[in-house]
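K.L.:
pasting the structure only:
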């Protein structure tokens with residue numbers, strides 16, 4: 001299993017989905033990024049994340065707002081129920097670790113989503 005399938009929490013304890021945490025260095029590794037995203041245009045990448053801590057209808061919009069506030073984010077699609085999100089971002093302006101930090105600042109847990117796109 002790729003380490004991209006682990007959580008991107010910075011803690012050393014298991015993450016919310018039971019896997020070992022994935023640190024920023026691993027999360028930002030271009031080889032690891034292939035497991036949970038793809039290039040959509042020159043300089044643009046789309047990454048997929050599973051989200052934990054979604055409890056109500058207001059969670060989806062809060063998550064979307066947090067990610068859209070990150071410089072370099074071009075698009076955010078929160079799946080119905082808010083438990084998955086796809087983020088399109090500029091490779092020269094932000095990094096997956098910054099997206100993970102924005103998700104955490106909004107009060108959610110998450111991990112790279114290596115399943116089919118949101």
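P.N.:
Alright, I've got the coordinates. Small disclaimer: the values here were computed from a predicted structure and weren't measured.

K.L.:
For residue 106, give me its contacts.
P.N.:
Contacts for residue 106 (Cβ atoms under 8 Å, 6 or more residues apart in numbering) come out as 62, 63, 65, 66, 67. C-beta here means a position set from N, CA and C on the backbone, and glycine is covered the same way.

K.L.:
Secondary structure element holding the most centrally placed residue in the chain?
P.N.:
Centre of the chain computed as the mean C-alpha position; nearest residue by Cα atoms, centre = their mean is residue 49, 4.0 Å away. Secondary structure assignment for residue 49, by DSSP states H and E: strand 44-52.

K.L.:
Which helix or strand lies directly C-terminal to that strand?
P.N.:
Past strand 44-52, the next helix or strand by DSSP H and E is helix 59-68.

K.L.:
Can you tell me which helices and strands that next one packs against?
P.N.:
strand 73-78, strand 84-90, helix 96-105 (3 or more Cβ pairs under 8 Å, 6 or more residues apart in numbering; DSSP states H and E).

K.L.:
Adding distance to residue 58, write the ones you listed out as CSV.
P.N.:
Putting these into CSV (distance: least, Cβ to Cβ, whole Å) gives the following:
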stretch, distance to residue 58
strand 73-78, 12
strand 84-90, 15
helix 96-105, 16
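
K.L.:
any low-confidence regions in the chain?
P.N.:
1-22, 116-118 (pLDDT under 70).

K.L.:
ok, 50 please
P.N.:
1-20, 118 (pLDDT under 50).

K.L.:
Now do stretch 28-44: distance from first to last residue.
P.N.:
Stretch 28-44 has its terminal residues 14 Å apart, counting by Cα to Cα, to the nearest Å.

K.L.:
looking at it, residue 85 is touching residue 46, isn't it?
P.N.:
No - the criterion here is Cβ atoms under 8 Å, and residue 85 misses it with residue 46 at 10.8 Å.

K.L.:
quick one: residue 56 and residue 107, what's the gap?
P.N.:
12 Å (Cβ to Cβ, to the nearest Å).
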